[in-house]
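1. only geometry, no sequence info:
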């Protein structure tokens with residue numbers, strides 16, 4: 001499913017934590033990337049909403065814990081912060097807990113959505129254990145810190 005990393009995606013791929021950044025977790029495969037209409041290859045349903053609101057490119061990566069747990073990390077770069085705001089509002093649930101990460105963040109039972117600048121970050125746990133939930137938060141904080149340190153090159157082409 002999806003596209004392999006290629007040139008033009010270095011900026012968004014730098015936002016992905018290395019397995020060593022999240023102790024006990026490994027990254028068993030390569031990240032998948034997409035730009036423009038190739039988003040349809042990465043996500044089943046929902047691509048049209050991202051594209052309509054100003055999607056530029058994405059990177060998606062999976063992580064596994066030594067005990068068999070897994071989580072997925074999705075990073076979407078939008079054209080500007082207003083486009084990211086639109087997607088964030090679309091994605092968040094009503095029952096989540098607000099977190100002090102990025103511009104806005106919301107933790108639900110098994111996933112976390114984060115908005116920072118023109119980026120939307122979704123970290124999805126495949127279970128609702130407290131260990132996984134804490135890993136979702138830790139991962140979001142790592143990505144958010146990398147977004148802070150990234151130059152604003154929104155006009156660059158993927």
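-> That came through fine. Because the structure is predicted, anything quoted here is derived from the model rather than measured.
2. can we go C-alpha only for contacts and neighbour counts from here?
-> Fine.
3. so residue 70 makes contact with residue 61?
-> No - Residue 70 is beyond contact range of residue 61, at 10.8 Å (criterion: C-alpha atoms under 8 Å).
4. any idea how far residue 124 is from residue 134?
-> Taking C-alpha to C-alpha, to the nearest Å as the criterion, residue 134 is separated from residue 124 by 12 Å.
5. who has more neighbours, those two?
-> Between residue 134 and residue 124, counted using other C-alpha atoms under 10 Å, the more crowded position is residue 124 (23 against 11).
6. let me know the secondary structure of the more buried one.
-> strand (DSSP: H, G, I helix; E, B strand; the rest coil).
7. could you find the closest non-adjacent residue to it?
-> Excluding the flanking residues, the one nearest residue 124 by C-alpha to C-alpha, 6 or more residues apart in numbering is residue 111, at 4.3 Å.
8. who does the longest helix along the chain touch, helix- and strand-wise?
-> With residue count as the measure and DSSP state H as the assignment, the chain has helix 130-148 as its longest helix. Applying 3 or more C-alpha pairs under 8 Å, 6 or more residues apart in numbering; DSSP states H and E, one finds that helix 130-148 contacts strand 111-116, strand 119-125.
9. pull up the pairing partners for the longest one, direction included.
-> Using DSSP bridges, the strands paired with strand 119-125 are strand 70-78 (antiparallel), strand 111-116 (antiparallel).
10. and the ones you listed, which is most packed in?
-> strand 111-116 (a mean of 26; mean count of other C-alpha atoms under 10 Å).
11. relative to residue 129, how far out is the residue lying closest to residue 80 once chain neighbours are set aside?
-> Excluding the flanking residues, the one nearest residue 80 by C-alpha to C-alpha, 6+ apart is residue 118, at 4.7 Å. According to C-alpha to C-alpha, residue 118 and residue 129 sit 30 Å apart.
12. who touches residue 53 in this structure?
-> 78, 83-84, 86-87 (C-alpha atoms under 8 Å, 6 or more residues apart in numbering).
13. and which of those residues is nearest residue 41?
-> residue 78 (17.4 Å; C-alpha to C-alpha).
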